[in-house]
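Enquirer: Give me the fold of what follows.
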Amino acid sequence: MEGKKTPLYDTHVKYGGSIVDFGGFLLPVQYEAGIKKEHMAVRTECGLFDVSHMGEILVQGEKALEFLNHVLTNDYTDLKDGCARYSPMCNENGGTVDDLIVYKKADNDYFVVVNAANTEKDFQWMVDHKIDGVELSNASAEWGQLALQGPNSEKVLAKVAKPEAIPAGYYTCVFDTEMQGIPCMISRTGYTGEDGFEIYMPADRAVDAWELLMDAGQEYGILPCGLGARDTLRMEAAMPLYGHEMNDEISPKVAGLGFAVKMDKPEFIGKEAIEAATPLKQRRVGLKVTGRGILREECNVYRDGKKVGVTTSGTFLPYLKGSYAMAIVEAADREIGAACQVEVRGRMIDAEMVKLPFYKREK
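Expert: Residues are numbered from 1 along each chain as shown. Alright, predicted model coming up:
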């Protein structure tokens with residue numbers, strides 16, 4: 001099998017991971033416990049993911065803030081040191097180049113995390129739209145990244161990190177800290193709908209960090225988790241995935257990410273196109289199967305015999321014990337509670353339009 005390996009490749013094999021190619025990387029889709037058990041561990045106890053395939057881009061220099069506000073739809077003007085903020089990055093037509101998270105280390109010093117398969121594309125896009133007074137560097141090869149997710153994740157982290165190393169608030173982070181001598185940056189973020197942490201360390205310490213957390217998590221029900229559970233967890237939490245709920249043609253507003261598109265900013269790439277496309281002709285919606293069958297991506301959605309949209313992601317969700325999908329449908333036909341049908345391999349499956357997210361953890 002061809003593909004790039006993360007620093008943890010041999011560790012995944014050792015733990016019994018089933019390796020697949022994902023965005024050019026060789027990663028475990030699941031371990032011996034299986035997707036359902038891994039999913040439930042994150043919802044009820046704790047799970048550990050290797051996300052070292054994600055890309056890291058450093059944005060530095062006296063015009064770093066101005067640059068970020070130009071290339072991203074969200075507004076970073078008031079972002080404080082040690083905080084993070086999510087944003088789509090749009091093209092001139094209002095489509096989505098990618099979605100990403102920006103961490104602020106200090107004035108003029110930002111750490112940007114992008115989707116693995118888009119790292120080169122995103123970096124080139126930033127270089128192509130660079131302004132004077134900004135330095136960009138693709139630091140992806142230097143970093144390993146682990147995601148420790150679930151209600152017990154803070155208890156696990158507290159065994160290996162000092163209290164001041166653990167970020168208190170959601171979307172906050174602690175730079176230049178450590179876990180038992182392993183240098184790292186720890187953020188309270190994730191892609192599962194649960195409380196949890198994403199931990200960045202030098203690539204050559206990723207295996208040490210993995211084993212440290214797995215050992216610490218034994219008493220808290222920790223399981224190693226693969227791409228399969230990562231996908232079902234983000235689906236349950238209705239978190240959009242690049243290449244599914246958004247792409248170069250789909251605007252973040254259509255994808256339901258309007259909260260991260262600040263139209264009151266003076267300018268950003270894609271602003272005029274997004275303004276011109278208001279009111280929205282299409283919108284994202286949740287679908288819950290009321291008949292029998294499992295929904296998949298790229299299936300046509302019908303209301304009263306008329307095609308109104310297409311599914312973008314769909315699967316069986318273990319915690320909710322049902323088949324669900326997200327879809328992009330005509331805004332005029334998007335009605336919560338409305339009956340609809342989804343065509344899967346020539347067969348019509350009854351469903352209902354429902355609010356997103358499907359699952360929300362109790363705070």
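
Enquirer: Let me see the contact set for the spatially most central residue of the chain.
Expert: Nearest residue to the geometric centre of the chain (Cα atoms, centre = their mean): Tyr191, 4.7 Å. Contact partners of Tyr191, counting by Cβ atoms under 8 Å, 6 or more residues apart in numbering, are 147, 230, 233-234, 239. All C-beta atoms are positioned from the backbone trio N, CA, C, and that covers glycine.

Enquirer: Spell out, range by range, the helices that occur in the stretch 51-200 of the chain.
Expert: In the stretch 51-200 of the chain, the segments counted as helices under DSSP state H, counting those that start in this stretch are 64-71, 119-128, 153-160.

Enquirer: and stretch 154-170, average pLDDT?
Expert: Averaging pLDDT along stretch 154-170 gives 98.

Enquirer: So which residues make contact with that stretch?
Expert: Contacts of stretch 154-170 (Cβ under 8 Å, 6+ apart): 46, 82, 148, 173-174, 177-180, 186-189, 195, 197, 212-213, 216-217, 220, 222.

Enquirer: next one: stretch 204-214
Expert: Residues from elsewhere that reach stretch 204-214 (Cβ under 8 Å, 6+ apart): 6-8, 10-11, 48, 50, 52, 144-146, 148, 156-157, 160, 179-180, 182-184, 199, 201, 222, 224.

Enquirer: For stretch 104-123, output the C-alpha coordinates as CSV.
Expert: The C-alpha trace of stretch 104-123 is given here as CSV (Å, rounded to 0.1, in the frame of the first residue of the first chain):
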residue,chain,number,x,y,z
LYS,A,104,-2.9,32.7,18.6
LYS,A,105,0.4,32.3,20.4
ALA,A,106,1.1,36.1,20.6
ASP,A,107,0.7,39.2,18.5
ASN,A,108,2.1,38.5,15.0
ASP,A,109,2.4,34.8,15.8
TYR,A,110,-0.3,32.3,14.8
PHE,A,111,-0.5,28.5,14.5
VAL,A,112,-2.9,27.3,11.8
VAL,A,113,-4.2,23.7,11.6
VAL,A,114,-5.7,22.6,8.2
ASN,A,115,-7.1,19.4,6.8
ALA,A,116,-4.6,16.7,5.9
ALA,A,117,-5.5,16.2,2.2
ASN,A,118,-5.6,20.0,1.7
THR,A,119,-2.3,21.0,3.4
GLU,A,120,-0.3,21.6,0.1
LYS,A,121,-3.3,23.3,-1.5
ASP,A,122,-4.0,25.5,1.5
PHE,A,123,-0.4,26.5,1.9
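
Enquirer: In that stretch, which of the residues would be classed as buried?
Expert: 104-105, 108, 110-119, 122-123 (16 or more other Cβ atoms under 10 Å).

Enquirer: how far is that stretch from where the chain is centred?
Expert: 14 Å (Cα atoms, centre = their mean, to the nearest Å).

Enquirer: And the average pLDDT for that stretch is what?
Expert: On average, stretch 104-123 scores 97.

Enquirer: likewise stretch 268-276?
Expert: Averaged across stretch 268-276, pLDDT comes to 98.

Enquirer: can you pull the buried residues of it?
Expert: Applying 16+ other Cβ under 10 Å to stretch 268-276 flags 268-271, 274 as buried.

Enquirer: Need the CA coordinates for it. CSV is fine.
Expert: Output in CSV follows, covering the C-alpha atoms of stretch 268-276 (Å, rounded to 0.1, in the frame of the first residue of the first chain):
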residue,chain,number,x,y,z
PHE,A,268,-12.3,39.0,2.9
ILE,A,269,-11.8,36.8,-0.1
GLY,A,270,-15.2,35.6,-1.3
LYS,A,271,-17.2,38.3,0.5
GLU,A,272,-18.8,39.9,-2.6
ALA,A,273,-19.8,36.5,-4.0
ILE,A,274,-21.3,35.4,-0.7
GLU,A,275,-23.2,38.7,-0.5
ALA,A,276,-24.5,38.2,-4.1
